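Participant: next come a sequence and a model predicted from it.
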Amino acid sequence: MSAPVRYDLAIVGGGMVGASLAVAVAPLGLSVALIEAVAPEAESQPSFDERTTALSNGSRRILETIGVWPDIAAEATPIRRIHVSDRGRFGFARIDAAAQGLTAMGHVVANRVLGRSLWSALRAHANVRVFCPAEVSAITPLADKVALAVHGQRGDAAIEARFIVAADGAQSMVRQAFGVAAEVRDYGQTAVITTVLPQRFHDHIAYERFTDSGPLALLPLADGRCTLVLTLSRALADAALAWTDEQFLAELQRRFGFRLGRFLKVGRRVAYPLSLTVAGRTSAGRCVIIGNAAQGLHPVAGMGFNLGLRDVACLAELLAEHRGRADADAGLLAEYDAWRAADRRGIIGFTDGLVRVFANPFEPVRQLRNLGLLAFDLLPPAKSALSALSSGASRRTPKLARGVALT
Ligand SMILES: Cc1cc2nc3c(=O)[nH]c(=O)nc-3n(C[C@H](O)[C@H](O)[C@H](O)COP(=O)(O)OP(=O)(O)OC[C@H]3O[C@@H](n4cnc5c(N)ncnc54)[C@H](O)[C@@H]3O)c2cc1C
């Protein structure tokens with residue numbers, strides 16, 4: 001192998017979060033190595049797959065500021081209202097964009113569209129060197145740098161970087177190489193994802209419905225279809241994958257009701273086993289842990305990528321501030337940890353709490369949550385707090401989320 005090539009930043013994982021970071025830091029003029037195991041347009045790409053993502057307004061602003069939103073916008077569907085309900089109960093909550101003075105609560109975008117836009121943007125920067133398909137085969141943390149061995153289809157490479165970023169998903173090998181333990185809790189649930197065509201137009205409403213067999217989300221798509229995220233026990237999910245289309249539509253109808261009329265068609269079904277993964281720390285040595293490598297969440301409230309994108313915005317801003325100050329490297333990592341702590345804790349706690357409360361069959365809890373949903377609908381401050389939380393309002397909003405460029 002030839003002599004190591006030196007970079008400012010090595011990003012391991014070019015999925016939704018790693019690719020966003022590469023685009024965000026590219027204008028800073030840093031030399032960046034991006035190492036991704038699976039080509040972004042490949043059928044088997046685990047991040048840019050058949051899913052759709054509900055993007056908060058804060059995420060849209062970040063994507064706007066890093067220059068990729070115009071490309072994504074043409075294929076994004078606005079969410080004008082969110083409707084939360086509990087099957088078999090009378091309590092339900094509505095969050096209205098217009099009532100909050102917004103044109104949309106967020107947007108629904110296909111993950112493949114995000115992949116196409118992010119990768120075409122990062123490929124346009126000469127200071128971003130892409131290794132793909134390639135994997136990191138060894139990591140050696142040193143005092144003033146990190147040494148990496150990269151094993152790629154076109155041969156092996158040796159890299160040295162001032163910082164390494166773990167953006168390699170919930171099972172992060174980089175996180176493990178730096179000895180950072182993660183707490184993993186299996187929810188014993190599987191999300192079945194597909195698209196459905198309802199008889200009535202969705203009117204840009206996103207539905208979140210809690211049922212005895214788990215939460216169900218319907219997100220509006222541009223062509224009148226909806227993305228369905230159906231969370232079920234493992235056994236029921238296995239059965240649901242095997243149901244005929246007619247059976248599947250009938251089961252969905254029973255769980256969701258007729259707010260959108262009859263469900264007429266269903267697309268291909270794909271399963272995602274669900275767990276909570278929380279890394280014990282967000283940095284170690286010269287490594288920063290972001291996105292799912294730091295926290296892999298239940299998709300119930302659609303917050304995982306939105307949170308990961310805020311990791312990106314904060315890290316990119318600190319890298320911009322610390323440019324040319326190698327003596328301040330430890331300070332950068334400590335600042336990153338401190339900045340991310342409250343947002344991270346809040347979203348992990350909120351998402352996990354939602355799963356637990358709505359999975360609780362204990363009658364007093366059911367009645368309380370019912371009252372809770374009603375109270376939630378009647379109390380605008382509670383809704384504003386949720387919509388602010390979903391959009392990532394925290395005490396110090398990163399520049400990219402305020403529309404301020406880093407250069
Ligand atoms: C069903 C479902 C629905 C969701 N819906 C929403 C939503 O509506 N809104 C929202 O905000 N979030 C949502 N999420 C969460 C969101 O998908 C994740 O937060 C997001 O994918 C995290 O991106 P990531 O880049 O951190 O990790 P990943 O998506 O896991 O990507 C990791 C990347 O690293 C690569 N990689 C792994 N190991 C290596 C290695 N050793 N070397 C090189 N490359 C490597 C992988 O190939 C992959 O490309 C949902 C999640 C699920 C499961």
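Facilitator: Received the coordinates, thanks.
Participant: ends of stretch 142-159, how far apart?
Facilitator: The straight-line separation of the ends of stretch 142-159 (C-alpha to C-alpha, to the nearest Å) is 13 Å.
Participant: is any part of that stretch close to the ligand?
Facilitator: No. Using C-beta under 6 Å from any ligand atom, stretch 142-159 stays clear of the ligand, coming no nearer than 8.5 Å. Where you see a C-beta, it was placed from the backbone N, CA and C, and this is true even at glycine.
Participant: report the buried residues of that stretch.
Facilitator: Of the residues in stretch 142-159, those scored as buried under the neighbour-count criterion (16 or more other C-beta atoms under 10 Å) are 145, 146, 147, 148, 149, 150, 151, 157, 159.
Participant: now stretch 265-276
Facilitator: Neighbour counts using 16+ other C-beta under 10 Å place 266, 269, 271, 272, 274, 276 of stretch 265-276 among the buried residues.
Participant: who are the contact partners of the nearest residue to residue 75 once chain neighbours are set aside?
Facilitator: What sits nearest to residue 75 in space, not counting adjacent residues and going by C-beta to C-beta, 6 or more residues apart in numbering, is residue 113, at 4.8 Å. Residue 113 is in contact with 72, 75, 76, counting by C-beta atoms under 8 Å, 6 or more residues apart in numbering.
Participant: show me what contacts whichever residue of the stretch 1-150 of the chain sits closest to the ligand?
Facilitator: In the stretch 1-150 of the chain, the residue found nearest to the ligand is residue 15; the distance is 2.4 Å by C-beta to the nearest ligand atom. Contacts for residue 15 (C-beta under 8 Å, 6+ apart) come out as 36, 45, 46, 47, 48, 167, 168, 169, 291, 292.
Participant: go again with 6 Å.
Facilitator: Under the criterion of C-beta atoms under 6 Å, 6 or more residues apart in numbering, the contact partners of residue 15 comprise residue 47.
Participant: what residues are bridge-paired with residue 160?
Facilitator: With DSSP bridges applied, residue 160 shows beta-bridge pairing to residue 6, residue 147.
Participant: span of stretch 65-74 from start to end?
Facilitator: The first and final residues of stretch 65-74 sit 17 Å from each other (C-alpha to C-alpha).
Participant: ok now that stretch, how far from the chain's centre?
Facilitator: The chain centroid and the centroid of stretch 65-74 are separated by 17 Å under C-alpha atoms, centre = their mean, to the nearest Å.
Participant: give me the residues contacting that stretch.
Facilitator: If you take C-beta under 6 Å, 6+ apart as the criterion, stretch 65-74 is touched by 23, 24, 63, 109, 113, 117, 121, 400, 403.
Participant: helix or strand for the fifth one, which one?
Facilitator: It refers to residue 113. Element membership of residue 113 [criterion: DSSP states H and E] is helix 111-123.
Participant: so is the helix or strand just after that helix next to the ligand?
Facilitator: Once the chain leaves helix 111-123, the next helix or strand it forms, by DSSP H and E, is strand 128-131. No. For strand 128-131 and the ligand, the contact criterion (C-beta under 6 Å from any ligand atom) is not met; the two come no nearer than 8.3 Å.
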